[in-house]
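**Q** Predicted model follows, preceded by the sequence.
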Amino acid sequence: MALNNRSRGSELSVVERAIACTKEYENVGYVQYDTKDGHYFYLHPSPFLSTVKNEIYYAAGTPPPENEFVEVEVSERKTEILDRSCKKYRYVKTISEWRPFDIAPLAIRRKNLDFMEIIDFFTYPYKGEAEIVQEIATCSTLFAFSSPPITGETGGIKTAVFGKNYQWDLFQRPLKIIPPEFKTISSDYLLLFGLKNRSTDQKIERRNQPGHSQARKNGVRCPDHDRRDRQTKVFEGTS
C-alpha cells in the first residue's frame, strides 16, 4: 500500500492520527513549502502522509523551516477561489508566529510492539532449525527496522544474502510490506534491494540521504558470516 493512500485510522501511526484527527493539533504539522521562499506552505500529519485539508498557510515574515514539525498561530483565514465557476477553492491561513513542535510525547502514547512478535513475522518463509530460522528472521527485522540517523552520520544497515535466486526471493518475500515510497532513490529513507550497481550507488552518495539500507544478493562477505553453511540449510524455505 502506498503511504499516501492510507485513510483508515488503523493504517495511521499514532502521531499521524493525533495531528490529522484532533482539533487540538489542527495547526500542527510537518512543513512542506509550496513556494521556493517558503512563505506559502502546507502542514502534513507526517513526512509520509499528505494533508487532506483544503488549506494552505502563509507567513508574511520568516517562514518555518521545511521538513520540520511546527505549531503555528493563525491570525486570519480567507477563502481563495481557484476557478471561474467558484467551485474550486481553498482556505489560506495567515500565521502570526510559529514554534517547533516535539512529536515525542504523542509517539509514546502508544504501547511499543513486542520485538519478538516482529521477529516471528519474518520467520514464515523459512523451515529448519528454530535457532537458525530466528537468526535469519532477526537479520530481516534489523534491515526492515534499521536505526535512524544520528548527528553527522547516515542511518541504515547493509545486508548481504548469499544463495540462489529462490533463496533471495524468500528473503524479499516478507519485506513486501515495506511501502513503495521507501524503495525509490528519491526517498530520504531508502531501502534498496538487488545486485551491486555502481550508477545507483553514486546516485545515493550524491543525495546524502538521512538513512538508507541496502540488501545485496551475493554481496561482499562480512566477518559475521561464519555460520553461513548452517544458515544455508535453513534458507531452503517453504514453497
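**A** Cool, the structure landed.

**Q** Run through the chain and note the low-pLDDT ranges.
**A** Within the chain, the segments meeting pLDDT under 70 span 1-11, 109-113, 146-153, 195-209, 219-239.

**Q** How is it divided into domains?
**A** With automatic domain parsing as the criterion, the domains of the chain are listed as 3-107, 115-234.

**Q** Pull out the buried positions in the longest helix seen in the chain.
**A** Taking DSSP state H as the criterion, the chain has its longest helix at helix 130-144. Residues of helix 130-144 classed as buried by neighbour count (16 or more other Cβ atoms under 10 Å): 132-134, 136-141, 143-144. For glycine as for every other residue, the C-beta is placed from the backbone atoms N, C-alpha and C.

**Q** Need those in JSON lines (columns: distance to residue 118).
**A** Listed next are those as JSON lines, based on distance: Cβ to Cβ, whole Å:
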{"residue": "132", "distance to residue 118": "18"}
{"residue": "133", "distance to residue 118": "15"}
{"residue": "134", "distance to residue 118": "12"}
{"residue": "136", "distance to residue 118": "14"}
{"residue": "137", "distance to residue 118": "9"}
{"residue": "138", "distance to residue 118": "10"}
{"residue": "139", "distance to residue 118": "13"}
{"residue": "140", "distance to residue 118": "10"}
{"residue": "141", "distance to residue 118": "5"}
{"residue": "143", "distance to residue 118": "12"}
{"residue": "144", "distance to residue 118": "8"}
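
**Q** Can you give me the end-to-end span of stretch 123-138?
**A** 9 Å (Cα to Cα, to the nearest Å).

**Q** roughly how far out does it sit from the chain middle?
**A** Its chain's C-alpha centre and that of stretch 123-138 lie 26 Å apart, by Cα atoms, centre = their mean, to the nearest Å.

**Q** just stretch 79-93 next, same as before
**A** Centroid separation for stretch 79-93 versus its chain: 32 Å, with Cα atoms, centre = their mean.
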